[in-house]
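K.L.:
quick check, what structure comes out for this input:
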Amino acid sequence: MCICKVLSVQVDPKSFRRTTSIHVHNTKKKVYRVFAHAAQRGNRGALVDRGANGGIIGNDAHVLYTHTGQEVDVTGIDKHQIDSLKVVDASAKIFTQRGEAIGIFRQCAYHGKARTIHSSGQIEWYKGNIVHDQSLKVGGAQHVCTLDGYALPIHIDNGLPYISQVPHTQKEFDELPHVIFSSSAKWDPTVLDNKLSSQPNWFDIVKNDAED
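P.N.:
This next block holds a predicted model:
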């Protein structure tokens, strides 16, 4: 599917002033998939979803920049598909072992409603980030670790992993350290694809990795 006209909104990271312009382009859209429960409202925080193949920004973050010429369709929210969501970079206040910080989430679809949904795979593709989303009760580590050494606790609620994030103020954006969670390169979920069963020695690969 090709899009011919897009109304894009850009935000100055220092002032959040919005400027609107029309850009003409052609692009093939990707589809982000999430589970229906992911968009439900609540105060649990932002969902860290290994079942989502792309991040979805909700109303708990600020849009910093809208990527011209990029749109995605999202399936799974409210049990139907939402077409032509803009791709944005966004920010929110997060809570780490070093104190409060500003999380920068790049190349995410902008929904603007309910909670943000973070894609575990997209975060981990930004080399050095690790998402330990298993509960401590089953031997997991239950935190996100970023490439620059920040750790965010994961809360498990009703079996699902969440991190705490809230919208920040201008003063907080200017003064708190910034922690980047995803790459600025155009996000393509297929970079994670790997059919293990097609490799004849797949068990040896898994066994050796487990032993290491």
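K.L.:
lowest-pLDDT helix or strand in the chain?
P.N.:
strand 18-24 (a mean of 32; mean pLDDT, DSSP states H and E).
K.L.:
residue contacts, residue 153?
P.N.:
Contact analysis of residue 153 by C-beta atoms under 8 Å, 6 or more residues apart in numbering lists 95, 142-143, 163-164. Every C-beta, even on glycine, is put in place using the N, C-alpha and C of the backbone.
K.L.:
which strand residues bridge it?
P.N.:
Residue 153 has these beta-bridge partners by DSSP bridges: residue 143.
K.L.:
below-threshold pLDDT in this protein: ranges please.
P.N.:
1-43, 77-80, 208-212 (pLDDT under 70).
K.L.:
show me what the helix or strand harbouring residue 123 is packed against.
P.N.:
Assigned by DSSP states H and E, residue 123 belongs to helix 120-125. Counting contacts by 3 or more C-beta pairs under 8 Å, 6 or more residues apart in numbering; DSSP states H and E, helix 120-125 packs against strand 46-49, strand 130-132.
K.L.:
highest mean neighbour count out of the ones you listed?
P.N.:
Most buried of those, by mean neighbour count (mean count of other C-beta atoms under 10 Å): strand 46-49, with a mean of 25.
K.L.:
listing partners with orientation, what would you give for it?
P.N.:
By DSSP bridges, strand 46-49 pairs with strand 117-119 (parallel), strand 160-163 (antiparallel).
K.L.:
and the next helix or strand after it, what other elements does it pack with?
P.N.:
Following strand 46-49 in sequence order, the next helix or strand is strand 56-57 (DSSP H and E). Counting contacts by 3+ C-beta pairs under 8 Å, 6+ apart, strand 56-57 packs against strand 62-77, strand 80-96, strand 99-110.
K.L.:
fine, thanks again, bye for now.
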